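# Any chance you can model this:
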Amino acid sequence: MSHLDVVLAGATAAFTIDLIIYPIDTIKTRLQASSEWTGGRRELFKGAYQGVGSIILATLPSSAAFFLTYNFLVKNISSALLPSNNLHSQALQSGIHSFSSAIAETVSCAILTPAEVIKQNAQVVSPTSRNKTSLSLTVFQTLLKEPKSLFRGYTALVSRNLPFTAMQFPLYEEIRRRIYEHEGIPHPSLLQVGTITAISAGSAGSFAAAVTTPLDVVKTRMMLLKHGGSKGGSAGMFETAKMIVRTEGPKAIWSGGLLRSVWTFLGSGLYLGTFESSKIYLSRRREVKERI
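Numbers count the residues shown, from 1 in each chain. Below you'll find the model as predicted:
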């Protein structure tokens, strides 16, 4: 598997998931935004693709960075620590997957954060107050007045994604391994690869999403202009969490949890299912061309 195949597969998966699942993410953001969302319940489902342009542009390189880093670390650390004749290394393998995904996520978040800030601020603009100017461009121009605000919430994004990926990827690898062992599929077709991967990734992702919902709420509030910018100060993660609980009650820290779990089940399933299928397809096609 070449680096190019990994990049193309990751880009295909990222683009697919962004377009299909984005409206659910918009609704989740609005539910978590509190007073930042000025629209009513009737407008909750309108303008569901607001801000999608910025996240598509950033997701492709951030996705490629994640998978290149993750695959590189897993391959090299495994070859160094796991001899081929070691049959009792499941715990160590899980640790390698957790460590590799954590480092890869840190790299990916550095690329993704500015687009995430633009996206979430565009998502909470009431559709009835929009003008003809691109929302993403308008938000970007506002944030450029204080350039460092583009990276507001990076620590919160990393703090959410690190435990998420540390839980998801080892659980995903284990579920997938057990399915293959149970079904006894030595040479799976592309459809089987996509289906098994989607079920494994979706199940693992929904569990990790439910557990990390409070971190997601804090991340959302910190990235929004009114809460994290000059209008609302620059409170840290713990201060933001305490403020949410104190002013809105304990339930507010779990806002959008169910929707996030559903979104992640669908998103992770489609994302990694598409990624693995695309990767195998590209690899097989390359092998056929090399034999000709």
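# buried stuff in stretch 242-258?
Of the residues in stretch 242-258, 243-244, 252-253, 255-257 count as buried by neighbour count, 16 or more other CB atoms under 10 Å. Heads up, the C-betas are built off the backbone N, CA and C, glycines and all.
# Dump it to CSV, keeping only the CA atoms.
The C-alpha trace of stretch 242-258 is given here as CSV (Å, rounded to 0.1, in the frame of the first residue of the first chain):
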residue,chain,number,x,y,z
LYS,A,242,-18.1,25.1,35.2
MET,A,243,-19.9,28.1,33.6
ILE,A,244,-22.1,25.8,31.6
VAL,A,245,-23.1,23.7,34.6
ARG,A,246,-23.5,26.7,36.9
THR,A,247,-25.7,28.8,34.5
GLU,A,248,-27.6,26.1,32.6
GLY,A,249,-27.5,23.0,34.8
PRO,A,250,-25.8,19.7,34.6
LYS,A,251,-27.9,18.5,31.7
ALA,A,252,-26.5,21.2,29.4
ILE,A,253,-23.0,19.6,29.5
TRP,A,254,-24.6,16.6,27.7
SER,A,255,-26.4,18.6,25.1
GLY,A,256,-26.6,16.8,21.7
GLY,A,257,-25.2,13.6,23.2
LEU,A,258,-27.7,11.3,21.6
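# How far does that stretch sit from its chain's centre?
22 Å (CA atoms, centre = their mean, to the nearest Å).
# cool, and stretch 162-175?
13 Å.
# just so I have it, where are all the helices in the stretch 151-292 of the chain?
154-183, 190-211, 213-223, 225-228, 237-248, 257-291 (DSSP state H, counting those that start in this stretch).
# Adding mean pLDDT and distance to residue 59, write those out as TSV.
Shown next, in TSV, are the helices of the stretch 151-292 of the chain (pLDDT from 0 to 100; distance: least, CB to CB, whole Å):
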stretch	mean pLDDT	distance to residue 59
helix 154-183	88	13
helix 190-211	92	16
helix 213-223	92	16
helix 225-228	57	22
helix 237-248	91	24
helix 257-291	82	10
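# To residue 22, which of the ones you listed lies closest?
helix 257-291 (9.5 Å; CB to CB).
# Need the contact partners of stretch 188-197.
176, 179-180, 183, 185, 269, 272-277, 280-281 (CB atoms under 8 Å, 6 or more residues apart in numbering).
# Now list the buried members of those.
176, 179-180, 269, 272-277, 280-281.
# contacting residues for the closest residue in space to residue 272 that isn't next to it in sequence?
Leaving out its chain neighbours, the residue that sits closest to residue 272 by CB to CB, 6 or more residues apart in numbering is residue 201, at 3.9 Å. Applying CB under 8 Å, 6+ apart, one finds that residue 201 lies in contact with 168, 172, 176, 268-269, 271-273.
# next one: residue 262
24, 206 are the contacts of residue 262 under CB under 8 Å, 6+ apart.
# Any figure for the gap between it and residue 157?
Separation of residue 262 from residue 157 (CB to CB, to the nearest Å): 21 Å.
# for residue 34, same thing?
In terms of CB to CB, residue 34 sits 19 Å off from residue 157.
# Which of those two has more residues huddled nearby?
More crowded of residue 34 and residue 157, by other CB atoms under 10 Å: residue 157, with 26 against 19.
# isn't the more buried one right next to residue 113, touching?
Yes - using CB atoms under 8 Å, residue 157 is in contact with residue 113, at 5.7 Å.
# on that earlier part again, make CSV out of the buried ones among the contacts of stretch 188-197 and add distance to residue 50.
Formatted as CSV, these follow (distance: CB to CB, whole Å):
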residue, distance to residue 50
176, 35
179, 38
180, 41
269, 25
272, 26
273, 27
274, 24
275, 26
276, 31
277, 30
280, 35
281, 33
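# Out of those, flag the one nearest to residue 205.
residue 269 (7.4 Å).
# what's near enough to touch that closest one?
197-199, 201-202, 205.
# Give the PyMOL command for selecting the buried subset of those residues.
Buried residues among those (16+ other CB under 10 Å), as a PyMOL selection:
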select buried, resi 197+198+199+201+202+205
